[in-house]
Structure formats: C-alpha cells, structure tokens
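> Below: sequence and its predicted model.
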There are 2 protein chains.
Amino acid sequence: MSHTLGVRQAQKLQTRQALLDAGLRLLENQSLSSLGLREVTRAVGVAPAGFYRHFRDIADLGVALVGESLGSLHAMIQAILDEQDDAAEVINRSVDVIARHVREHRAHIRFIARERHGGVKPVREAIAAELGQFADEVGAALGAQPLSEGWSAADLRMLSELYVDRMLMTATAFMEAPAEDPEAEARIAGTARRQLYLMHLGRQHWLGG
Amino acid sequence: MSHTLGVRQAQKLQTRQALLDAGLRLLENQSLSSLGLREVTRAVGVAPAGFYRHFRDIADLGVALVGESLGSLHAMIQAILDEQDDAAEVINRSVDVIARHVREHRAHIRFIARERHGGVKPVREAIAAELGQFADEVGAALGAQPLSEGWSAADLRMLSELYVDRMLMTATAFMEAPAEDPEAEARIAGTARRQLYLMHLGRQHWLGG
DNA sequence: TCATCCAGTAAACAACTGTTCGCCGAGTCT
DNA sequence: AGACTCGGCGAACAGTTGTTTACTGGATGA
C-alpha cells in the first residue's frame, strides 16, 4: 500500500493538480459556468486536448474542486466539535478557527460560496451532498451533549443545519472582507460571536426551559 | 407628472423589459458571468447591436435585474414587519409569505441567491447594498418592539442581519425544492419555522433574562 | 532489450463571441 | 408640413471557444 507512485502516474497527478490550481485561481473573478477549458490549459501551459486526459469537462473539474475545498473544512469542523468547554469559550475559539481557515484558504471558501447556488448542477449537488454530511456529523456531536436531552431527531437536524449554514455564512463574510484588514475582521468576528451566542441561548431554552 | 409615456419611449421600455425577462430566463441554467449578449438578443428577437441602446454591457443588465428582483421582496418584508401579533403567529405567517413569494417569483430568488456571491462585482455590490438596507429597516422595526428594550445598536444590527440572512436562506431552500412538490415545501417550512422560533427564544433571553 | 502504453502535442474544424459602423424609417416637436 | 431624433437593423471585424484527429516520445513491464 505504501508503494511509491510510478514516475508516470506522479507526473500525471501533478498536471491534474496544476489544472485544479489554475482553475481555482481563475475563478477569483468569474464563476464556474463561464470558465473556459482553453483558459485553464493556457494558464497551466498545456495543450487544450490534454485537458481531457484528466477531466471530462469543466463541470467535472468543478466537482473535483468541491472535494478539495470541503476536505479541509471538514477537518476543521471536526476539531471544533471535539472541544468541550464553556459555551462562550467554544464560540470564541470557533470563530477564530473560521477566521484563520479563511485566511489560509480564501479561494476555497470563495469557490464554495459562489458555486453553492451557482449555474452548474453537478457542482451544486456535490456541495449540497457534502454539506448535508457535515450536518449529520454536527447533529451527532450535538446529540451527544447533555444540553440536547429530550430533543427530537427533527429538531436536532434543524439545529445542525442552522449551525452549518451560519458557519458558512461567517466564513463567507470573512472571505469578502478586504484581505489583511484587521478592523473589518474584528467587526465580522464580533457579529459572528453574538449571532452564535444568540443561537446558543435559543438552544438552551428550546424545551420551554 | 401623470403624463402618459410617448409611443416612442413606451416601445423602448417594452424592449428593455423583454431583454430583462429573457436574461432572467436564460439564467435558470447558468450564471451571469457566462451569459452572452448575443444569447439575450437572440432570445428576444433583436439585433445584437440593439442591446447597447439599453445597457452598457451584461453586468449593467445584471444590476438592473437586482433592482427588479429585490423590489418585490422589499414590499414583502415590510408587510411582514408591520404585523403585530403573537410571536409564533408572526413566524407562521412569515414563512407562508416567503413560500408564496418564491412560488410566484422563483427566477428572481434564484438570481439573487446565485449572484449574491457570484462572479460579477457590480452585481454583488448592488445586492449587498440592497440587503444592507433591508437590514436597516428590519433593525428599525425590531428596535420599536418592547422586546428590544435595552439592546445596543450593534446587537440590534447583528440580529437584523441574522433575520435577513435567514429569510434569504429559507427562500433559497424553497426555490431549490422541486416545483409543485407540497411535501418538500412542508418539510422546508417546518424547518424554517423551528429555526425562526429558536432565534426568537435567543432574542427573548438575550439580556440575561 | 524490446514491444506496449499513454500523457501530452499540434493542427484543423465549425461555431460562436463582443463591438463598431453607417443606415433606415417611424415617432416627435415646431 | 418639414426638420430632427433615435431605436433598431444588417454586415463586417478580429478573436475566441470546445472537440476531434493523428502523432510523438518517454516511462513501463515482460
């Protein structure tokens, strides 16, 4: 299993990754449905026909980008969920983690925000599927907390979706702020913390408490 | 002032509206940044050059669509805000109003959801500006309610944005459900009501109540 | 070592794009 | 009635697009 890839296959993967990287970079100022195949290959320095060795079409490349973009986010969420601490502390830490993630993966967040409701169906579906899985995992983690005693499955699910949505909206807000602007970042972080705290209060009093 | 438009200007407005309508329809399966000028004129039955009599470019048409799309939504929100009733009742009515609005303006909601973070900067900015104004008005309405006594301006603002975001996400969820599917609609409505109610609970207990 | 594989190539294809130009002819104003 | 305005037209422009084709040459495996 730990068999080093052949030179052949390694080079192929490298070109594939170059195509993905170039695509992501080109998507900074447009959306996937207007991204051209030639545009991507030109940016990489590869002949147009070479594209087909890696992807069926641009939508296919988009779906691959979904995996890449949501992969790191997934790990991030899990890390947040595993924390157990005072609620306010968890909120503070979560917002910081999100801010940091956006700083390091701005293009990925932009891609997800832009294509979540974008014009390319397979990509929309891939994003929806992965976000749904996020909600599953968040639901499982929340369900294990004492605060969730007596909650129905449907209620837990709506709470999970609320959290996942909020997290993505917060990340998007950070992403849209001008890069390297600590003041804007702080403002967004403050709003995000308050919103999460309000949701937490609602959660505490859900069962007529 | 109530001077009927001249035949000339009336016909021009009619063509302009036809271009907007065709654009909106074509955006069902793509995003604005891939919408072609010729594509739009072809759909209307107008020569390509005629497009420039009405819009500078496709981004300009997009900005016009923002006004059209958010115009009706604006009236809808005001209607919701003016209601004064039991909280649960306001929530029920609001969700119904949103569902109804989406049924009647599906393409408009799709456009806003798709282009809010889309690839065309002027359009993103126009949407952000109008949504910001929505938040202002929601903030003013909420601030006038007894429940908001003692709230700081910043807290009111974060609550308004939370509500506006949620409303848009709910509308988007309705929009993405298969048309004429009462079961899916009911499920989304149920989730939306619960989420709004949880936010309402958080609001009630915001000041350490 | 030698036949096989296959990632990447160059060239050609028809179809399409946004934009500019001068022109027409119906609506407008005096 | 006559001069003027201006929305829409048709043609032409140089570029660009996605896709197919037959090919080359280095890695691969017997």
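Arrived safely, thanks for sending.

> Please report phi then psi for the nearest residue to A:A43 once chain neighbours are set aside.
Here the nearest residue to A:A43 in space, its sequence neighbours aside, is A:A22; by C-beta to C-beta, 6 or more residues apart in numbering or on different chains that works out to 4.0 Å. C-betas here are computed from N, CA, C, even on glycine. Summarising the backbone geometry of A:A22 under the convention degrees, to the nearest 10, its torsions are phi -60, psi -40.

> gap between A:A22 and DNA strand C?
According to C-beta to the nearest atom of the strand, to the nearest Å, A:A22 stands 13 Å off from DNA strand C.

> do A:L20 as well
A:L20 is 13 Å from DNA strand C, where distance means C-beta to the nearest atom of the strand.

> Same check on A:A154?
Distance of A:A154 to DNA strand C, computed by C-beta to the nearest atom of the strand: 46 Å.

> Likewise for A:Q78?
A:Q78 sits at a distance of 34 Å from DNA strand C (criterion: C-beta to the nearest atom of the strand).

> do the same with A:S33
The span separating A:S33 from DNA strand C equals 13 Å under the rule C-beta to the nearest atom of the strand.

> Which secondary structure state is assigned to the residue nearest to that residue when sequence neighbours are not counted?
Leaving out its chain neighbours, the residue that sits closest to A:S33 by C-beta to C-beta, 6+ apart is A:G119, at 3.8 Å. A:G119 carries the three-state label coil when classified by DSSP: H, G, I helix; E, B strand; the rest coil.

> I figured A:G119 hits A:Q30, correct?
No - under the criterion of C-beta atoms under 8 Å, A:G119 is not in contact with A:Q30, lying 11.2 Å apart.

> which residues are common contacts for those two?
When contacts are counted by C-beta atoms under 8 Å, 6 or more residues apart in numbering or on different chains, A:G119 and A:Q30 have B:S34 as shared neighbours.

> out of these two, which sits in the busier spot?
A:G119 (26 against 19; other C-beta atoms under 10 Å in any protein chain shown).

> Need the pLDDT of the residue positioned nearest the centre of chain A.
Within chain A, one residue has its C-alpha closest to the average C-alpha position: by C-alpha atoms, centre = their mean, that is A:L70, at 4.2 Å. What the model reports as pLDDT for A:L70 is 97.

> Which strand or helix spans it?
helix A:58-82 (DSSP states H and E).

> Packing partners of the helix or strand following that helix?
Beyond helix A:58-82 on the C-terminal side, the first helix or strand identified by DSSP H and E is helix A:87-104. Helices and strands touching helix A:87-104, as assessed by 3 or more C-beta pairs under 8 Å, 6 or more residues apart in numbering or on different chains; DSSP states H and E, comprise helix A:58-82, helix A:153-176, helix A:182-204.

> Next, the angle from helix A:87-104 to helix A:58-82.
Going by axes from the mean of the first three to the mean of the last three C-alpha atoms, to 10 degrees, helix A:87-104 is angled at 150 degrees with respect to helix A:58-82.

> residue contacts, A:H101?
With contacts defined as C-beta under 8 Å, 6+ apart, A:H101 is in contact with A:72-73, A:76, A:109, A:171.

> Where does the prediction get shaky in chain A?
A:1-3, A:209 (pLDDT under 70).

> rerun at 50
A:1-2 (pLDDT under 50).

> Just want the residue of it that's nearest DNA strand D.
Across chain A, the shortest distance to DNA strand D (C-beta to the nearest atom of the strand) belongs to A:G6, at 2.6 Å.

> Look at that residue and say how many residues are nearby.
By other C-beta under 10 Å, the residues close to A:G6 number 9.

> So what does it have for phi and psi?
On the backbone of A:G6 - angles per degrees, to the nearest 10 - the values are phi -60, psi 160.

> How many neighbouring residues does the nearest residue to A:T172 once chain neighbours are set aside have?
Closest residue in space to A:T172, ignoring its immediate chain neighbours: A:A113 at 4.4 Å, by C-beta to C-beta, 6+ apart. A total of 22 residues lie near A:A113 under the criterion other C-beta under 10 Å.
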